[in-house]
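# have a look at this prediction, sequence included:
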Amino acid sequence: MAWTRKILRVNLTDRTCASEPLNMEWAHDYLGQRGLATKYLASEIDPKVDPLSPDNKIIWATGPLTGTMASTGGRYSVVTKGPLTGAIACSNSGGYFGAELKFAGWDMVIIEGRASSPVYLSIENDKVELRDASHLWGKTVWETEGQIKSEHQDPQIRVSCIGRTGENGVLYAAIVNDLHRAAGRSGVGAVAGSKNLKAIAVRGTLGVGNIANPKEFMKVTFEKKKILKENAVTGQGLPTYGTQVLMNVINEIGAMPTRNHKDVQFEGARKISAEAMHEPRESDGKAQLVNNQACFGCTIACGRISKIDATHYTVVNSPKYWGASGGLEYEAAWALGCANGVDDLDALQYATMLCNEDGFDPISFGATIGAVMELYEMGVLTKEEIGIEAPFGSGKALTFLTEITARGEGFGKIIGLGSKRLCEKYGHPELSMSVKGQEFPAYDARAVQGMGLTYATSNRGACHLRSYTISSEVLGIPVKTDPLTTEGKPALVKAFQDATAVVDSTGLCVFTTFAWALSDIQPQLQAACEGDWSMEKLDLMGERIWNMERQFNNAAGFTRKDDDLPARLKTEAAKVGPAKGLVSGIDKMIPEYYDLRGWDTEGRPTAETVARLGL
Amino acid sequence: MRVTLKLYASLSDHLPDEAKRTNEWPMEVADGTTVGDLIDRHQLPKRLVHLVLVNGHYIPPASREAHPLVENDVLAIWPPVAGG
Ligand code: SF4
């Protein structure tokens, strides 16, 4: 329903909930979700605020196409100042929660202050209240969702909540909805936990309205769905194999960060790939993958539903894990597997289930374990300190460390700090494979040069989803570029960053862009939203959103030196594969990138850029 | 000479049973065999031959027909796929 034009503002300190009109002028400049929520946040908090203090705010935000019949129109974002990085944090989730929030009549929920005791926010259309959550504190995501539904005697309630890690201040705690869909990165769950906010539970029955041109919208969304269906990637590749199909691709091109980025190929990759998830296992003759699953309104359905081997050592005595559950996605399989040298598919499935069950980011967690294993092999960390022998390749260590991190016990508390703080604590800051304190995802910056620039300049710390140049550099979408060269990459990265900032603000899933260009999204916006939504306007908007985030980070204290990669990627060359002998050319790319962006040499938008973008 | 053909995702169906669990199919081929020759010989459907790598290096569609393989080359092929 395009915008509902209503915001719910909740002050936890005062325990007040108030409705206010959406600032439509801002909606026309920043659209929704990522863009609009960041505009609100940046206007309302001091960028220097302690992310875990009551003065930080956290916003759940839908986009104008959330809840509509546009394909994948079910997304929402959680925007706050992130505790892992101290930078702007914006994490995007699918599932059904976002659409339900829209059906209840709200574009956004802005949470302020800190409750004196645990609460959850209950929304039933206009009926909004803060309820006691003392009995939910200490419960997992899965228990919380079940209990809220049973208390309200309504199985159709949608719940977006934190698990124990969010309560315990794990700096990469996630916010999870629909059991295994997560606003996963940058520690948004720790911010909710710091506010004593356990969950938002929403039931909306107001349906869809407010579409500017309903007839045209039906027509154009139907046409665009056809493109998704007929495209080989979104119509067949993603639904059948999910994102995990990349495991063998990335390994083959020698861009697989392995054992804390010591290597660029993992000999066990095949055993933890999409192909392995599809084949019958020896114990029961069944494949781990059960079926695929779609988020609200999605005609792609890339989600994985898997069943772990019930005889696996991790679950043999825990029947609660035997049923079908959220399965491995590529980033999780990489971080839990390759980053640690672990090739036990069921150990990875167990670890990913715990990440869902207690709400923490498998990327940052898995990459942190990579650093722990390297420190263990160096003799800096001992079995006594960690609680287990933890060499690279130990599935037992991985699953044990996942359990104690989920529960906040022993060495798990230190793992919960993330790799940057952990490596600093043990005197080896150089071993944290992160940018701005956030861990890398699953592509090696030596073998895919554009991704190095993507990581270094991402406004939320290392992240693949801010400009997924893998599309172009590896998969040839929309055009193939050479992953090994830095040439042309600053322009490529900028183009991806700006376009993605728009997609992330619409309510649609970025995976549509394997088949759609921004020009396929534009007519859907034009039909749904009143006013002018030309390509020129959208292009400028993407740039505006990017620069707004950058200004927030600059004001928070980030400078040129924070747009950098760990020394390992700049000095230790790839040992094998097409990138053999190469390091990241990040230092070459940054000046050109700043120049293209209209920033000064310190990475600050110039007065001219600020004026051009209307910031 | 000896080369290895790797087929992934839905192209795995074209592998012999003994290669299905590894996706790797080592084989003897005549000197001078090209990427295009191997694609034709194993009747891989053209619409599924999308991402083609030799030793991890991308081979653009226009060069595939004539790209010669040499001893120990690894030819890996995927249908259109993506992730993230
Ligand atoms: S493509 Fe995948 S992640 Fe995106 S909306 Fe569809 S199922 Fe969800």
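Arrived safely.
# what pLDDT does the model give residue A:271?
Per-residue pLDDT puts residue A:271 at 98.
# no no, residue A:38
Residue A:38 is given a pLDDT of 98.
# one more: residue A:208?
If you check residue A:208, the pLDDT there is 75.
# would you agree it is in contact with residue A:67?
Yes. Using Cβ atoms under 8 Å, residue A:208 is in contact with residue A:67, at 6.2 Å. Bear in mind the C-beta positions are built from the backbone N, C-alpha and C, glycine included.
# the two - which one has more neighbours?
Legend: neighbour count by other Cβ atoms under 10 Å in any protein chain shown for residue A:208 and residue A:67, higher for residue A:67 (30 against 14).
# ok, the residue nearest to residue A:329 when sequence neighbours are not counted - contacts?
In space, residue A:329 comes closest to residue A:243 once its chain neighbours are excluded; the distance is 5.0 Å by Cβ to Cβ, 6 or more residues apart in numbering or on different chains. Going by Cβ atoms under 8 Å, 6 or more residues apart in numbering or on different chains, residue A:243 touches A:302, A:329, A:330, A:331, B:82, B:83, B:84.
# can you check the pLDDT for residue 1?
You didn't pick a chain, so chain A it is. Per-residue confidence at residue A:1 stands at 50 (pLDDT).
# not quite, go with chain B.
97.
# one more: residue A:100?
Reported pLDDT for residue A:100: 98.
# what's the neighbour count on it?
29.
# what's near enough to touch the residue nearest to it when sequence neighbours are not counted?
Spatial nearest neighbour of residue A:100, excluding adjacent residues (Cβ to Cβ, 6+ apart): residue A:158 at 4.0 Å. For residue A:158, the contact set (Cβ under 8 Å, 6+ apart) comprises A:95, A:96, A:97, A:100, A:101, A:177, A:178, A:201, A:202, A:203.
# setting aside sequence neighbours, what's the nearest residue to the second one?
Looking back up the chat, that one is residue A:96. If the residues on either side of it in the chain are set aside, residue A:96 comes closest to residue A:296, at 4.8 Å by Cβ to Cβ, 6+ apart.
# what secondary structure does the one you found sit in?
Using DSSP: H, G, I helix; E, B strand; the rest coil, the secondary structure recorded for residue A:296 is coil.
# surely residue A:543 meets residue A:615?
No. Here residue A:543 does not reach residue A:615: they are 9.9 Å apart, not a contact under Cβ under 8 Å.
# out of these two, which sits in the busier spot?
residue A:543 (23 against 17).
# hmm, back to that, of the contacts of residue A:158, which belong to strands?
With strands taken from DSSP state E, the overlap with these comprises A:177, A:201, A:202, A:203.
# residue contacts, the closest residue to the ligand within chain B?
Proximity of chain B to the ligand (Cβ to the nearest ligand atom) peaks at residue B:84, 9.0 Å away. By Cβ under 8 Å, 6+ apart, residue B:84 lies in contact with A:243, A:246, A:330, A:331, A:464, A:465, A:468, A:470, A:510, A:511.
# for the residues you listed, which single residue is the most surrounded?
residue A:246 (29 neighbours).
# isn't there a strand covering it?
No. Applying three-state DSSP, one finds residue A:246 to be helix, outside a strand.
# mind listing what it touches?
Counted by Cβ under 8 Å, 6+ apart, residue A:246 has contacts A:330, A:442, A:470, B:81, B:82, B:83, B:84.
# now these as CSV including secondary structure, distance to residue A:168 and pLDDT?
Compiled in CSV, the contacts of residue A:246 are given as follows (DSSP: H, G, I helix; E, B strand; the rest coil; distance: Cβ to Cβ, whole Å; pLDDT from 0 to 100):
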residue, secondary structure, distance to residue A:168, pLDDT
A:330, helix, 27, 97
A:442, coil, 26, 98
A:470, helix, 33, 97
B:81, coil, 38, 92
B:82, coil, 36, 90
B:83, coil, 31, 86
B:84, coil, 29, 82
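# state the pair within these that is farthest apart.
Spatial extent of these (Cβ to Cβ) is set by the pair A:442 and B:81 at 14.8 Å.
# and of the contacts of residue A:246, the nearest to residue A:347?
The nearest member of those to residue A:347, counting by Cβ to Cβ, is residue A:330 at 16.8 Å.
# what sits against the closest one?
By Cβ under 8 Å, 6+ apart, the neighbours of residue A:330 are A:242, A:243, A:244, A:245, A:246, A:247, A:442, B:83, B:84.
# tell me how far the closest residue in space to it that isn't next to it in sequence lies from residue B:83.
Take residue A:330 and drop its neighbours on the chain: the residue closest to it by Cβ to Cβ, 6+ apart is residue A:243, 3.9 Å away. Noted for residue A:243: a distance of 3 Å to residue B:83, by Cβ to Cβ, to the nearest Å.
# what of residue A:388?
Residue A:388 is 32 Å from residue B:83, by Cβ to Cβ.
# of the contacts of residue A:158, keep whichever come out buried.
By neighbour count, with 16 or more other Cβ atoms under 10 Å in any protein chain shown, the contacts of residue A:158 hold A:95, A:96, A:97, A:100, A:101, A:177, A:178, A:201, A:202, A:203 as buried.
# tell me, how many residues neighbour residue B:28?
When counting by other Cβ under 10 Å, one arrives at 8 neighbours for residue B:28.
# tell me what it is bridged to.
residue B:2 (DSSP bridges).
# any idea of the pLDDT on it?
Per-residue confidence (pLDDT) for residue B:28: 98.
# hang on, isn't it packed against residue B:5?
No. With contacts counted by Cβ under 8 Å, residue B:28 stays clear of residue B:5, the gap being 11.5 Å.
# grab the longest helix from chain B for me.
For chain B, the longest helix by residue count, based on DSSP state H, is helix B:35-41.
# partner strands of the following helix or strand past that one, with direction?
Next helix or strand after helix B:35-41 toward the C-terminus (DSSP states H and E): strand B:51-54. Paired neighbours of strand B:51-54 in the sheet (DSSP bridges): strand B:57-58 (antiparallel), strand B:74-78 (antiparallel).
# not counting sequence-adjacent ones, nearest residue to residue A:32?
Nearest residue to residue A:32 in three dimensions, chain neighbours excluded: residue A:63, at 3.4 Å (Cβ to Cβ, 6+ apart).
# quick one: residues contacting the one you found.
Residue A:63 sits next to A:31, A:32, A:33, A:36, A:75, A:76, A:77, A:505, A:506, A:507, A:508 when contact means Cβ under 8 Å, 6+ apart.
# bridging residues for residue 6?
Because you didn't say which chain, this covers chain A. Note on residue A:6: beta-bridge partners by DSSP bridges are residue A:21.
# other chain: chain B
Counting by DSSP bridges, residue B:6 is bridged to residue B:24, residue B:76.
# isn't it up against residue B:78?
No. Applying Cβ under 8 Å as the test, residue B:6 and residue B:78 come out as separate, 9.2 Å apart.
# tell me how many other residues crowd residue A:301.
16.
# that one reaches residue A:292, doesn't it?
Yes. Residue A:301 lies in contact with residue A:292 (Cβ under 8 Å); the separation is 4.9 Å.
# shared neighbours of these two, anything?
residue A:239.
# give me the more crowded residue out of residue A:388 and residue B:83.
Higher neighbour count among residue A:388 and residue B:83: residue B:83, with 27 against 16, using other Cβ under 10 Å.
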